[in-house]
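Participant: what follows is a predicted structure for the sequence shown.
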Amino acid sequence: MELFDVYSLFDVTPVKAQGCRVWDDKGVEYLDLYGGHAVISVGHTHPRYVAALKDQLDKIGFYSNSVQNPLQVELAHKLGKASGYEDYSLFLDNSGAESNENAMKLASFHTGKDRIIAFHKSFHGRTSGAVAVTDNPKIVSPFNAVHKVTFCDLNDAEAVEKELMKGDCAGVIIEGIQGCGGINLPDIEFLRSLDVLCRKYDAVLILDEVQSGYGRTGKFFAHQWADIKPGIITMGKGIANGFPCGGILISPEFEAVKGMLGTTFGGNYLAMAAANAVLDIMNDEKLVANAGEVGEWIKANIPSSPRIKEVRGRGLMLGIEFNEDVAPIRKKLLFEKHIFTGVAGKNMVRLLAPLCLKKEEAEAFVNALKEIL
């Protein structure tokens, strides 16, 4: 049997990792500025994280059926305090895609409506209940046909209100910062207007913080730059530092009904051990502040070049948009400078480094980019 060939793979085989560093099977050391699509939050193989997983494996391992799990309660308390959402409730699942599916389902239950407003260039996962990148028909989810999704332009509040006025919208889902769509930032005033409009027209504002949350932008969630409190917040990616885990934070205005949401593996003991360790490390090592400071330093020090069109993002969620195809640049960064980066489309190098990235590591990237340009 062969693997289903849907991923383009570089000829690099990692065998070891620590912090923001990765080593391959040939002994070559790399600087990781992508963290597996933002899943590495506290760094590769952090000793406290590894110890927490090993300790849990020695006790009970994976068990996840309908039983009391004190680690879930512990996570809810820590997460409420860390995020500033202590009055919200937590539902745990397995991934960001499942979190978005559950959020839209919950919005529909809450409002009795069945249409969702999303935004062009958005990406909310690939499950049957989520929305995929809108400008690539090969990977658009069946959700579009089943659940009535309407797409508006980002930062166009007038278009959103026209849709909400029709009275059949359960909610509006928006990323704190668009990731796969090209590091596009919603205007702060636009986010505030969405908050007002959703309350006015009895719809739920859903903030997809799967990629932009968990400290990545210098605040716990990216939408907190706009000082709003949405009805539902979705999480995934860095919540457990690469261990499969996701969840949603739910406003106190929602009433929980037994059986309205479900999951097979969500909130299992291993995932909870990982997620609790992540919050402890983030708190003790002040990684949210570090992400903001180091990321902004990178943004301010990207070399000036006619080949670069724009640098966008906040904290350690950055996109460097070029006036050319970035594939050759990315290959040089990887194979000549030994630095992992990502892409968004054809013209953008995307950076999603672990939140523990040091300034000297950031300087190494900036200097490497200067040399390549």
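Facilitator: Looks like it came in fine.
Participant: how about the nearest residue to residue 123, chain neighbours excluded?
Facilitator: residue 180 (3.9 Å; Cβ to Cβ, 6 or more residues apart in numbering). All C-beta spots, glycine's among them, are computed from the backbone N, C-alpha and C.
Participant: what's next to stretch 217-230, contact-wise?
Facilitator: Contacts to stretch 217-230, defined as Cβ atoms under 8 Å, 6 or more residues apart in numbering, come from residues 82-85, 175-177, 186, 188-189, 191-192, 194-195, 204-207, 209, 212-214, 216, 233, 251, 288-289, 291-293, 295-296, 313-317.
Participant: ranges for the helices of the stretch 251-373 of the chain?
Facilitator: Counting by DSSP state H, counting those that start in this stretch, the segments of the stretch 251-373 of the chain that form helices are 269-284, 287-301, 327-335, 359-372.
Participant: name the helices or strands packed onto the shortest one?
Facilitator: Using 3 or more Cβ pairs under 8 Å, 6 or more residues apart in numbering; DSSP states H and E, the elements in contact with helix 327-335 are strand 339-340, strand 348-351, helix 359-372.
Participant: angle of it against helix 359-372?
Facilitator: Going by axes from the mean of the first three to the mean of the last three Cα atoms, to 10 degrees, helix 327-335 is angled at 130 degrees with respect to helix 359-372.
Participant: so how far is residue 347 from residue 305?
Facilitator: From residue 305 across to residue 347, the span is 14 Å (Cβ to Cβ, to the nearest Å).
Participant: these two - which one has more neighbours?
Facilitator: Under the neighbour definition other Cβ atoms under 10 Å, residue 305 and residue 347 were set side by side, and residue 347 has more, 17 against 14.
Participant: ok, that one touching residue 320?
Facilitator: No: the pair formed by residue 347 and residue 320 falls short of the contact definition of Cβ atoms under 8 Å, at 9.4 Å.
Participant: you'd agree residue 174 is up against residue 207?
Facilitator: Yes: the pair formed by residue 174 and residue 207 meets the contact definition of Cβ under 8 Å, at 6.5 Å.
Participant: deepest-packed of the helices and strands packed on helix 327-335, please.
Facilitator: Neighbour counts averaged per stretch over the helices and strands packed on helix 327-335 are highest for strand 348-351, at a mean of 24; criterion: mean count of other Cβ atoms under 10 Å.
Participant: packing partners of that strand?
Facilitator: With contacts defined as 3+ Cβ pairs under 8 Å, 6+ apart, the secondary structure elements packing on strand 348-351 are strand 317-322, helix 327-335, strand 342-344.
Participant: let's have the helices of the stretch 251-373 of the chain in JSON lines, adding mean pLDDT and distance to residue 109.
Facilitator: Output for those, formatted as JSON lines (pLDDT from 0 to 100; distance: least, Cβ to Cβ, whole Å):
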{"stretch": "helix 269-284", "mean pLDDT": "97", "distance to residue 109": "25"}
{"stretch": "helix 287-301", "mean pLDDT": "98", "distance to residue 109": "32"}
{"stretch": "helix 327-335", "mean pLDDT": "97", "distance to residue 109": "43"}
{"stretch": "helix 359-372", "mean pLDDT": "98", "distance to residue 109": "44"}
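Participant: which of these sits most buried?
Facilitator: When the helices of the stretch 251-373 of the chain are scored by mean count of other Cβ under 10 Å, the highest mean neighbour count falls to helix 269-284 (a mean of 22).
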